[in-house]
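Asks: Need a 3D model of the sequence below.
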Amino acid sequence: MQRLPALFLLLLSAVVVSLHQCTAFKEADFKKCASSGFCTRNRGVKGTQYSVDPGTVKVEGADLSATLTSKAASQSFNLTVRAYGPTVRIIVDEHASEHPPRYQIPDVLMSTLQQQTTKWASSQATAHTWTGSIGDVTVKLTFASFKLEVLVGGKSAVVLNSRSMFNFEHPRKKQEGDPADWWEETFNGHQDSKPAGPEAISIDMTFSGSQHVYGIPERATNLALKPTAGSGVVSEPYRLYNLDVFEYEHSSPFGLYGAIPVLLSHKQGLTVGAFWLNAAEMYVDVESVRDGQAVQWITESGILDLFIMTGPSPKDVTSQYAAVTGTTAMPQLFALGYHQCRWNYKDEADAYAVDAGFDEHQIPYDVLWLDIEHTDGKRYLTWDSRLFPNPIAMQEDIASRGRKMVTIVDPHVKRDSAYYIYKEASDNKYFVRKSDGTEFDGWCWPGASSYLDVTNPEVRSWWATQFTPDKYKGSTKHLYIWNDMNEPSVFNGPEITMQKDVLHYGDVEHRDIHNIFGYYYHLATAEALIHRGQEKELYGEHGDRPFVLSRAFFAGMNV
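Replies: Next up, the predicted model:
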């Protein structure tokens with residue numbers, strides 16, 4: 001008889017292992033540094049030779065400008081160091097040329113940032129260095145071997161390019177014998193054309209005296225980031241690339257749904273933050289070195305637009321970051337309560353039963369959420385008339401007990417000319433385009449889908465008019481929105497997302513804006529609820545604040 005419990009436990013263990021294997025992280029579906037050419041070319045590479053031309057150094061008000069030169073590539077770049085009080089901004093970009101300019105992110109920085117520029121209180125140049133100061137913050141720029149050090153109270157806080165890992169891949173024309181990954185890559189059968197060629201940027205920074213660094217979410221790992229490089233360390237770098245990762249590994253450097261390229265270093269008496277305003281795919285290595293924590297950032301494209309927040313306290317760094325990207329908007333009061341959400345409530349009767357169940361068991365709650373099955377065939381801003389025949393009455397009934405409802409609205413639009421959202425957007429060419437200029441067709445919950453190009457201000461303005469009750473039939477003032485799948489998720493795309501060579505507003509490639517796509521979709525939807533909230537007939541004199549929950553995110557999305 002004693003053998004039966006042992007046999008049962010053995011069988012149970014086998015089932016658990018089998019289930020784990022079935023639901024485990026699908027590692028082969030996602031890229032690593034070794035399968036990303038720009039990461040492979042730059043990771044751990046030291047000894048790059050860049051210098052500042054002393055004859056080009058110029059200081060005007062808050063700006064130092066100079067020419068940065070690559071000895072190996074015989075290329076030069078624009079360098080700007082700008083002061084905003086205790087925050088220092090470092091910008092490196094290409095000179096104007098016959099090549100298209102690199103993408104620079106609009107719409108994230110505070111419109112008031114320019115008003116915060118601060119004239120350098122002292123500025124001194126020698127044949128080898130330039131030094132500028134504002135209050136307790138000093139910046140020292142070394143020319144011959146490009147290096148930039150930020151000191152706080154006379155003590156080193158962070159040094160850029162102390163390990164000579166800075167690299168800015170320059171524009172070029174395709175030639176016979178170029179490395180294959182410069183102009184195209186293939187992953188899991190998906191081809192990525194690269195008409196601009198290699199555009200990666202690498203920068204290293206050393207936080208003197210620090211034992212730990214934090215930040216660069218989102219991932220399932222320690223708050224204090226573990227080393228991914230250095231003696232005896234074998235690890236992938238931390239990755240920032242918004243993806244639909246249904247299963248994931250804990251204690252892993254792999255990125256999840258959102259990316260905020262902000263990293264904090266802390267030591268006794270000083271906290272420093274670094275924010276790289278860049279929305280392309282990014283890898284970050286962390287290494288413990290003799291004099292502190294060393295970090296290498298590598299991004300596929302864009303420019304170097306780096307903010308150093310000098311603290312000195314964690315609170316100060318947070319305030320300085322908020323001055324750059326904005327503070328958190330005042331939430332709806334109900335946003336702070338308990339929200340009931342699951343996939344899926346099958347019909348109105350199910351929703352009513354869940355609502356009544358909370359009252360029956362005397363459990364307080366504030367919001368009931370509906371997932372994709374409430375729609376007419378996954379057509380967002382619609383209702384399934386068979387399962388939810390009376391959505392207005394349902395919302396009013398739930399609201400009579402002081403509660404709200406939330407419906408899901410995803411960025412993929414069902415390709416159906418009888419669906420008013422698709423037809424109007426398609427007629428106006430509001431969708432993301434393939435590299436040949438035709439409408440991008442990806443696969444998601446509705447099947448064949450197109451994706452609104454929310455990087456286009458005109459598209460966002462149009463989308464902002466779609467949520468009033470006269471447009472969103474069956475909605476009421478009690479209904480709010482959930483943006484899901486906005487990494488964006490594309491079931492038949494590489495890594496379950498959009499191809500990097502599809503085109504957005506201004507012919508900008510998706511590779512440049514990937515991590516900010518969800519930001520823009522959330523922004524457009526929030527603008528829609530702000531527009532709706534201004535209707536006095538619905539909300540009275542004081543209007544209504546938006547509530548939009550987003551799965552994907554980027555810096556500044558809290559505003």
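Asks: Spit out the contact partners of I308.
Replies: I308 makes contacts with 87-90, 150, 157-158, 272-274, as judged by C-beta atoms under 8 Å, 6 or more residues apart in numbering. The way it works is simple: take the backbone N, C-alpha and C, and place the C-beta from them, glycine included.
Asks: residues near the nearest residue to G154 once chain neighbours are set aside, how many?
Replies: Closest residue in space to G154, ignoring its immediate chain neighbours: T138 at 7.3 Å, by C-beta to C-beta, 6 or more residues apart in numbering. Around T138 there are 22 other residues, counting by other C-beta atoms under 10 Å.
Asks: Can you classify T138 as helix, strand or coil?
Replies: On the three-state scheme (DSSP: H, G, I helix; E, B strand; the rest coil), T138 is labelled strand.
Asks: swap in E424?
Replies: E424, by the three-state scheme (three-state DSSP), is helix.
Asks: contacting residues around the residue nearest to G154?
Replies: Contacts of T138 were listed using C-beta under 8 Å, 6+ apart, and they are 131-132, 150-152, 154.
Asks: Can you list the residue ranges for helices in the stretch 1-150 of the chain?
Replies: In order along the chain, the stretch 1-150 of the chain carries the following helices (DSSP state H, counting those that start in this stretch): 3-23, 37-42.
Asks: Quickly, which of these bottoms out on average pLDDT?
Replies: Per-segment mean pLDDT for these reaches its minimum on helix 3-23, at a mean of 44.
Asks: Mind naming the longest strand for this protein?
Replies: If each strand of the chain is counted by residues according to DSSP state E, the longest one is strand 75-84.
Asks: So which elements touch it?
Replies: strand 63-70, strand 87-94, strand 129-134, strand 137-142 (3 or more C-beta pairs under 8 Å, 6 or more residues apart in numbering; DSSP states H and E).
Asks: if we go to 10 Å?
Replies: Counting contacts by 3 or more C-beta pairs under 10 Å, 6 or more residues apart in numbering; DSSP states H and E, the secondary-structure elements packed against strand 75-84 are strand 50-52, strand 63-70, strand 87-94, strand 129-134, strand 137-142, strand 147-152, strand 304-309, helix 314-325.
Asks: Deepest in the core, which of those is it.
Replies: For the helices and strands packed on strand 75-84, average neighbour numbers computed from mean count of other C-beta atoms under 10 Å are highest in strand 304-309, which has a mean of 23.
Asks: So what's the gap between it and the chain middle?
Replies: Once both centres are worked out by C-alpha atoms, centre = their mean, to the nearest Å, strand 304-309 turns out to sit 16 Å from its chain's centre.
Asks: so what's the residue nearest to G154 bridging to?
Replies: Bridge pairing for T138 (DSSP bridges) gives the partners S133, L151.
Asks: how close does it get to F146?
Replies: Here the distance between T138 and F146 works out to 18 Å (C-beta to C-beta, to the nearest Å).
Asks: residues in contact with stretch 502-510?
Replies: For stretch 502-510, the external contacting residues (C-beta atoms under 10 Å, 6 or more residues apart in numbering) are 100, 103, 192-196, 199, 280, 301, 430, 432-437, 440, 442, 451, 453-459, 488, 490, 493, 497-501, 511-513, 517, 520.
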